[in-house]
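Participant: Structure for the following, please:
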Amino acid sequence: MVDKYYKITQYSIDRAKELGVIIKPSVKGNYKIDVYDKSDNYITSIGHRQYKDYPTYIKNNGKEYADYRRDLFYKRHKNYKKFSRGWYSSKILW
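Facilitator: Prediction:
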């Protein structure tokens, strides 16, 4: 289980920057990150606190295992519509 207080990683910050969005710790209880546009308008919340993500797997299990988990994630979640909650999650957390 992921820690109750999720610390946004540099990995996620860099990925968000590539997408042109801003990320902040979520104010919604069950999510890790809130996503905002460049005008600071809320878009969505991503990353349920109960589940691990790519940076967490790297930290806890190493890059090789994290890459394996990322491949599995992409196989399960390959049909997200662009700009949906799942799409942002796959781009920022994986």
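Participant: hey, let's count contacts and neighbours off CA atoms from now on
Facilitator: Fine.
Participant: longest helix of the protein?
Facilitator: Counting by DSSP state H, the longest helix found in the chain is helix 63-76.
Participant: could you pull out the helices for this structure?
Facilitator: With DSSP H as the definition, the chain shows helices at residue ranges 10-19, 54-61, 63-76, 85-92.
Participant: Nearest to residue 44, out of these?
Facilitator: Nearest to residue 44, of all those, is helix 85-92, at 6.2 Å by Cα to Cα.
Participant: wouldn't residue 16 be in contact with residue 24 here?
Facilitator: No. If you go by Cα atoms under 8 Å, residue 16 and residue 24 don't touch, sitting 10.4 Å apart.
Participant: more neighbours, the two?
Facilitator: residue 16 (19 against 14; other Cα atoms under 10 Å).
Participant: Could you give the bridge partners of the residue nearest to residue 40 when sequence neighbours are not counted?
Facilitator: Closest residue in space to residue 40, ignoring its immediate chain neighbours: residue 22 at 7.4 Å, by Cα to Cα, 6 or more residues apart in numbering. When bridges are called by DSSP bridges, residue 22 pairs up with residue 36.
Participant: do you know how far residue 22 is from residue 85?
Facilitator: To residue 85, residue 22 is 14 Å away according to Cα to Cα, to the nearest Å.
Participant: The longest helix of the chain packs against which elements?
Facilitator: helix 54-61 (3 or more Cα pairs under 8 Å, 6 or more residues apart in numbering; DSSP states H and E).
Participant: any weak-confidence spans in the chain?
Facilitator: For the chain, applying pLDDT under 70 flags the ranges 1-4.
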